[in-house]
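[1] pasting the sequence and the predicted model now:
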Amino acid sequence: MPVYLYDENENIIKSGKGKGKWKYVFQQNGRRYKGVIHGATTKKEAEEHETKMRSAVRNGTFGQPSQDITFEDFAKNNYLKWVKQHKRAHRWFTLMVDVLCRHFRGKPLREITTNDIENYLAKRRGENSLRRIQRAGASVNRERAILSGIFTRAIKRGYHSGPNPCRDIERFEETGRRERVLSRDEETRLLAALIGKDETLGHIVRLALCTGMRRGEIMKLRWEHLDFERGKYGFINLPGTITKSKKPRRIPMLQNVRALLLDLKGSKAEGRVFNLDENSTGQRIVRRCKKLGLSDVKLHTMRHTFATRCIDAGVNPFVVKEWLGHSTLSQTNYYSHVGFSELEQAAQKLENLAENRPKRSADVLAFSESAKIATVSDCP
């Protein structure tokens with residue numbers, strides 16, 4: 001059989017032993033075929049693969065995607081490559097794919113059924129998360145979405161004959177949106193604690209509270225993105241390369257934001273504003289909040305807080321939508337929360353309106369009835 005073992009310098013190892021990679025080379029129907037044999041560690045395994053390649057040439061399937069590929073192989077070597085090119089949160093996708101591969105390791109992609117996936121999702125729903133509480137339905141639904149994406153891509157690329165086994169699986173009920181926002185007192189306590197070695201964290205929290213920027217946008221912000229000359233206090237010009245929507249966005253600076261950034265800038269003209277790792281920075285803020293007794297608070301909470309305060313201040317929701325970089329008003333509505341105090345104030349206003357409303361006299365009622373009759377009689 002024409003199979004050869006090559007060393008790292010692409011020289012043939014005549015003994016057929018040692019470290020290297022196996023390749024096949026053969027001619028059939030006047031055409032030459034060659035390729036690397038992935039996974040082969042012995043000559044026998046290489047020859048078996050070469051036999052399959054010859055058979056594929058005879059059957060007219062040579063060069064077509066193999067439907068014998070395992071779930072792990074496709075997810076890591078095909079799907080994740082696509083994710084890294086098209087998704088900004090590819091680190092999160094990588095973590096989720098690792099979880100999926102631990103469960104479906106060694107199983108051929110085409111043999112995974114709807115029942116297999118339902119059992120997996122039910123198992124995940126019943127387990128505790130890293131926070132030692134039952135895993136939320138929303139979290140399991142995200143895993144289902146990734147599984148569906150993997151099979152959708154496999155079908156498009158010819159690695160799976162379809163249909164998508166995730167298609168008819170019902171999603172778990174999601175409990176609702178996150179309602180956590182910082183009160184003014186909590187904000188004061190948090191910022192007072194972020195001093196000394198945590199001073200930079202305090203700057204990041206202040207910027208998030210006053211601009212509504214996402215964590216990734218803050219951590220990737222550069223001095224070149226700041227314009228201190230235009231407008232009253234200046235603008236933060238976020239390019240599409242760092243925004244979640246991939247669309248550029250302009251954020252007006254408040255007076256305190258301008259003062260903070262100018263103080264940090266000094267003589268710097270380029271480079272990142274905060275030279276910290278994005279993930280570790282978020283984790284540090286969560287830990288500091290827990291020590292202060294601020295439960296369920298993280299850097300993204302500042303974005304919810306900013307949106308809520310904008311609505312409370314009477315800012316037009318469409319303006320808030322553009323400020324936050326949302327594509328729809330419903331997304332902005334998700335981020336703005338009405339507190340109990342606002343509900344109580346609204347209820348009091350309605351109560352005062354009902355108490356002060358003048359009673360309608362008989363003359364007014366009579367006039368209303370006559371007006372109503374006249375209106376109806378005028379209709380053609």
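    On my side now, so go ahead.

[2] which residues are in contact with residue 302?
    182, 205, 208-209, 212 (Cβ atoms under 8 Å, 6 or more residues apart in numbering). C-beta coordinates here come from the backbone N, C-alpha and C atoms, glycine included.

[3] swap in residue 84?
    Residue 84 touches residue 90, counting by Cβ under 8 Å, 6+ apart.

[4] tell me the secondary structure at it.
    Following DSSP: H, G, I helix; E, B strand; the rest coil, we place residue 84 in the helix state.

[5] pLDDT score for it?
    At residue 84, the pLDDT value in this model is 87.

[6] likewise the one 3 residues further on?
    At residue 87, the predicted lDDT confidence score is 80.

[7] same deal with the one 4 residues further on?
    Predicted confidence (pLDDT) for residue 91: 81.

[8] same deal with residue 351?
    Value listed for residue 351 in the pLDDT field: 62.

[9] try residue 174
    81.

[10] that one: neighbour count?
    Other residues near residue 174 come to 12 when the count uses other Cβ atoms under 10 Å.

[11] one more: residue 4?
    19.

[12] can you redo the contacts of residue 302 as CSV with pLDDT and neighbour count?
    Below are these laid out as CSV (pLDDT from 0 to 100; neighbours: other Cβ atoms under 10 Å):
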residue, pLDDT, neighbour count
182, 92, 22
205, 96, 23
208, 95, 22
209, 94, 21
212, 93, 22
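
[13] nearest to residue 39, of the residues you listed?
    Nearest to residue 39 among those is residue 208, at 47.6 Å by Cβ to Cβ.

[14] residues contacting the residue nearest the centre of the chain?
    Residue closest to the average C-alpha location in the chain (Cα atoms, centre = their mean): residue 89, at 5.4 Å. Listed by Cβ under 8 Å, 6+ apart, the contact set of residue 89 is empty.

[15] can you do 10 Å?
    Neighbouring residues of residue 89 by Cβ atoms under 10 Å, 6 or more residues apart in numbering: 83, 95-96, 216, 244.

[16] any idea how far residue 247 is from it?
    For residue 89, the distance to residue 247 equals 17 Å [Cβ to Cβ, to the nearest Å].

[17] likewise residue 174?
    27 Å.

[18] which stretches of the stretch 251-380 of the chain form helices?
    Using DSSP state H, counting those that start in this stretch, the helices of the stretch 251-380 of the chain run over 255-265, 278-291, 299-312, 317-324, 329-335, 340-356, 362-377.

[19] give me the pLDDT value at residue 76.
    Value for residue 76, per-residue pLDDT: 92.

[20] any idea which of the helices of the stretch 251-380 of the chain scores lowest on pLDDT?
    Among these, helix 362-377 scores lowest, with a mean of 43.

[21] tell me which stretches of this protein form strands.
    According to DSSP state E, the chain carries its strands in the segments 3-6, 21-28, 31-37, 226-227, 235-238, 249-252.

[22] of those strands, which is nearest residue 73?
    Per Cβ to Cβ, nearest to residue 73 of these: strand 31-37, 14.5 Å.

[23] contacts for stretch 321-340, please.
    177-181, 183, 211-214, 217, 238, 243-245, 247-252, 300, 303-312, 315-320, 345-346.

[24] list the buried residues in it.
    321, 323-326, 332-333, 335-337 (16 or more other Cβ atoms under 10 Å).

[25] out of the residues you listed, flag the one nearest to residue 21.
    residue 325 (47.2 Å).

[26] tell me, how many residues neighbour residue 203?
    Quick note: residue 203 (other Cβ under 10 Å) scores 19 neighbours.

[27] oops, could you answer that again for residue 225 instead?
    Residue 225: 18 neighbours (other Cβ under 10 Å).

[28] residue 285 too?
    There are 25 residues near residue 285, going by other Cβ under 10 Å.

[29] who touches it in this structure?
    With Cβ under 10 Å, 6+ apart, residue 285 has these contacts: 190, 194, 198, 201-202, 204-205, 208, 215, 297-302.

[30] now swap in residue 9 and tell me
    Counting by Cβ under 10 Å, 6+ apart, residue 9 has contacts residue 20.

[31] quick check on it: phi, psi?
    The phi/psi pair for residue 9 (degrees, to the nearest 10) reads phi -100, psi 10.

[32] how much space separates it from residue 19?
    12 Å.

[33] and the gap between residue 144 and residue 107?
    17 Å.

[34] higher neighbour count, the two?
    Between residue 144 and residue 107, residue 144 has the larger neighbour count (other Cβ under 10 Å), namely 19 against 14.

[35] and the more buried one, how far from residue 281?
    According to Cβ to Cβ, residue 144 stands 30 Å off from residue 281.

[36] isn't residue 304 right up against residue 181?
    Yes: using Cβ atoms under 10 Å, residue 304 makes contact with residue 181 at a distance of 5.2 Å.

[37] tally of neighbours for the nearest residue to residue 97 once chain neighbours are set aside?
    In space, and not counting its chain neighbours, residue 97 is closest to residue 75: 5.1 Å by Cβ to Cβ, 6 or more residues apart in numbering. Neighbour count for residue 75, taken as other Cβ under 10 Å: 26.

[38] so who does residue 75 touch?
    69, 83, 93, 96-98, 100-101, 104, 109, 146-147, 149-150, 153-154.

[39] endpoints of stretch 127-138, how far apart?
    From its first residue to its last, stretch 127-138 covers 14 Å (Cα to Cα, to the nearest Å).

[40] now that stretch: buried residues?
    Result for stretch 127-138 [16+ other Cβ under 10 Å]: buried residues residue 135.

[41] now do stretch 219-232
    219-221, 225-226.

[42] would you format these as JSON lines with distance to residue 41 and pLDDT included?
    Shown next, in JSON lines, are these (distance: Cβ to Cβ, whole Å; pLDDT from 0 to 100):
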{"residue": "219", "distance to residue 41": "44", "pLDDT": "95"}
{"residue": "220", "distance to residue 41": "43", "pLDDT": "94"}
{"residue": "221", "distance to residue 41": "49", "pLDDT": "95"}
{"residue": "225", "distance to residue 41": "51", "pLDDT": "95"}
{"residue": "226", "distance to residue 41": "56", "pLDDT": "95"}
